[in-house]
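Chemist: Next one to model:
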Amino acid sequence: QVQLVESGGGLVQPGGSLRLSCAASGFPVSYYAIGWFRQAPGKAREGVSCVSGSGGGTSYADSVKGRFTISRDNAKNTVYLQMNSLKPEDTAVYYCAMTSCGTYLSGLGNYWGQGTQVTVSS
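Modeler: Numbering: from 1, shown residues only. So this is what the prediction gives:
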(Lines give C-alpha, C1' and ligand atoms only; values in the text may rest on other atoms or scores of the structure.)
Protein backbone atom coordinates (compact mmCIF):
# COMPACT_ATOMS: atom_id res chain seq x y z
CA GLN A 1 0.00 0.00 0.00
CA VAL A 2 1.43 3.34 -1.08
CA GLN A 3 1.54 5.83 1.76
CA LEU A 4 3.25 9.16 2.39
CA VAL A 5 3.38 10.72 5.86
CA GLU A 6 4.57 14.27 6.45
CA SER A 7 5.98 15.60 9.71
CA GLY A 8 8.10 18.42 11.06
CA GLY A 9 5.80 21.40 10.77
CA GLY A 10 5.30 23.96 13.49
CA LEU A 11 5.37 27.60 14.50
CA VAL A 12 8.54 29.52 13.70
CA GLN A 13 9.53 33.17 13.71
CA PRO A 14 10.37 34.98 10.45
CA GLY A 15 13.93 34.17 9.46
CA GLY A 16 13.80 30.82 11.20
CA SER A 17 14.18 27.29 9.86
CA LEU A 18 12.25 24.03 9.79
CA ARG A 19 12.91 20.64 8.25
CA LEU A 20 9.95 18.71 6.94
CA SER A 21 10.03 14.94 6.45
CA CYS A 22 8.03 12.80 4.05
CA ALA A 23 8.23 9.13 5.02
CA ALA A 24 7.18 6.79 2.22
CA SER A 25 6.01 3.20 2.37
CA GLY A 26 4.89 0.75 -0.28
CA PHE A 27 7.35 1.95 -2.90
CA PRO A 28 10.99 3.08 -3.11
CA VAL A 29 11.39 6.86 -3.27
CA SER A 30 14.51 6.36 -5.36
CA TYR A 31 12.33 5.18 -8.26
CA TYR A 32 9.76 7.99 -8.32
CA ALA A 33 9.71 11.77 -8.38
CA ILE A 34 8.50 13.18 -5.08
CA GLY A 35 7.29 16.72 -4.71
CA TRP A 36 6.57 19.10 -1.87
CA PHE A 37 3.48 21.24 -2.20
CA ARG A 38 1.73 23.82 -0.06
CA GLN A 39 -1.69 25.31 0.29
CA ALA A 40 -2.44 28.50 2.17
CA PRO A 41 -5.98 29.40 3.27
CA GLY A 42 -8.04 30.64 0.34
CA LYS A 43 -5.32 29.83 -2.18
CA ALA A 44 -4.76 27.04 -4.65
CA ARG A 45 -2.25 24.31 -3.94
CA GLU A 46 1.14 25.06 -5.45
CA GLY A 47 4.27 23.08 -6.09
CA VAL A 48 7.28 24.06 -4.01
CA SER A 49 10.02 21.61 -4.91
CA CYS A 50 10.62 18.26 -6.56
CA VAL A 51 13.30 15.57 -6.60
CA SER A 52 13.35 13.19 -9.55
CA GLY A 53 13.47 9.43 -9.19
CA SER A 54 16.30 8.72 -11.59
CA GLY A 55 19.40 10.82 -11.00
CA GLY A 56 17.90 12.76 -8.11
CA GLY A 57 17.73 16.06 -9.95
CA THR A 58 15.98 18.85 -8.06
CA SER A 59 13.71 21.73 -8.96
CA TYR A 60 12.31 24.68 -7.02
CA ALA A 61 9.59 27.25 -7.37
CA ASP A 62 10.99 30.75 -7.78
CA SER A 63 9.41 31.82 -4.49
CA VAL A 64 11.59 29.40 -2.48
CA LYS A 65 14.71 29.16 -4.60
CA GLY A 66 17.82 29.77 -2.50
CA ARG A 67 15.94 29.27 0.76
CA PHE A 68 14.56 25.71 0.56
CA THR A 69 16.49 22.51 -0.15
CA ILE A 70 14.94 19.17 -1.03
CA SER A 71 16.85 15.96 -0.35
CA ARG A 72 16.28 12.24 -0.24
CA ASP A 73 17.54 9.44 2.00
CA ASN A 74 17.02 6.20 0.09
CA ALA A 75 17.96 4.05 3.08
CA LYS A 76 15.23 5.66 5.18
CA ASN A 77 12.87 5.93 2.19
CA THR A 78 12.28 9.54 3.17
CA VAL A 79 12.31 12.88 1.39
CA TYR A 80 13.12 16.07 3.28
CA LEU A 81 12.49 19.76 2.77
CA GLN A 82 14.90 22.04 4.61
CA MET A 83 13.35 25.47 4.86
CA ASN A 84 15.54 28.42 5.84
CA SER A 85 14.93 32.17 6.00
CA LEU A 86 11.23 31.53 6.42
CA LYS A 87 8.79 34.33 5.66
CA PRO A 88 5.19 34.87 6.79
CA GLU A 89 4.08 34.15 3.23
CA ASP A 90 5.47 30.62 3.59
CA THR A 91 2.65 29.88 6.04
CA ALA A 92 0.62 26.97 4.67
CA VAL A 93 -0.15 23.30 5.02
CA TYR A 94 2.69 21.42 3.36
CA TYR A 95 2.13 18.13 1.57
CA CYS A 96 4.30 15.61 -0.22
CA ALA A 97 3.16 13.46 -3.11
CA MET A 98 4.30 11.39 -6.05
CA THR A 99 4.52 13.72 -8.99
CA SER A 100 6.41 14.61 -12.13
CA CYS A 101 9.14 17.21 -11.87
CA GLY A 102 7.87 18.54 -15.19
CA THR A 103 4.38 19.34 -13.88
CA TYR A 104 4.64 19.68 -10.08
CA LEU A 105 4.54 23.48 -10.19
CA SER A 106 0.89 23.23 -11.21
CA GLY A 107 0.12 21.34 -8.02
CA LEU A 108 -0.45 17.95 -9.61
CA GLY A 109 0.45 14.80 -7.73
CA ASN A 110 -0.75 11.41 -6.49
CA TYR A 111 -0.91 9.60 -3.14
CA TRP A 112 -1.13 12.68 -0.98
CA GLY A 113 -0.12 12.65 2.66
CA GLN A 114 -2.20 14.29 5.38
CA GLY A 115 -0.10 17.44 5.41
CA THR A 116 1.80 19.31 8.10
CA GLN A 117 1.09 22.89 9.15
CA VAL A 118 3.85 25.48 8.90
CA THR A 119 3.17 28.85 10.49
CA VAL A 120 5.66 31.69 10.22
CA SER A 121 4.80 34.47 12.62
CA SER A 122 6.33 36.68 15.27
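
Chemist: Next, name the residue at the spatial heart of the chain.
Modeler: Of all residues in the chain, the one closest to the mean position by CA atoms, centre = their mean is W36, 2.3 Å from it.

Chemist: Quick check: which element contains it?
Modeler: Secondary structure assignment for W36, by DSSP states H and E: strand 34-39.

Chemist: That strand packs against which elements?
Modeler: Other elements packing on strand 34-39 under the criterion 3 or more CB pairs under 8 Å, 6 or more residues apart in numbering; DSSP states H and E are strand 18-25, strand 46-51, strand 68-73, strand 78-83, strand 92-98. (C-beta placed from N, C-alpha, C; glycine too.)

Chemist: Go again with 7 Å.
Modeler: Helices and strands touching strand 34-39, by 3 or more CB pairs under 7 Å, 6 or more residues apart in numbering; DSSP states H and E, are strand 46-51, strand 92-98.

Chemist: residue contacts, the residue nearest to the centre of the chain?
Modeler: Contacts of W36 were listed using CB atoms under 7 Å, 6 or more residues apart in numbering, and they are 48-49, 70, 81, 94, 96.

Chemist: count of residues packed around F27?
Modeler: When neighbours are counted by other CB atoms under 10 Å, F27 registers 16.
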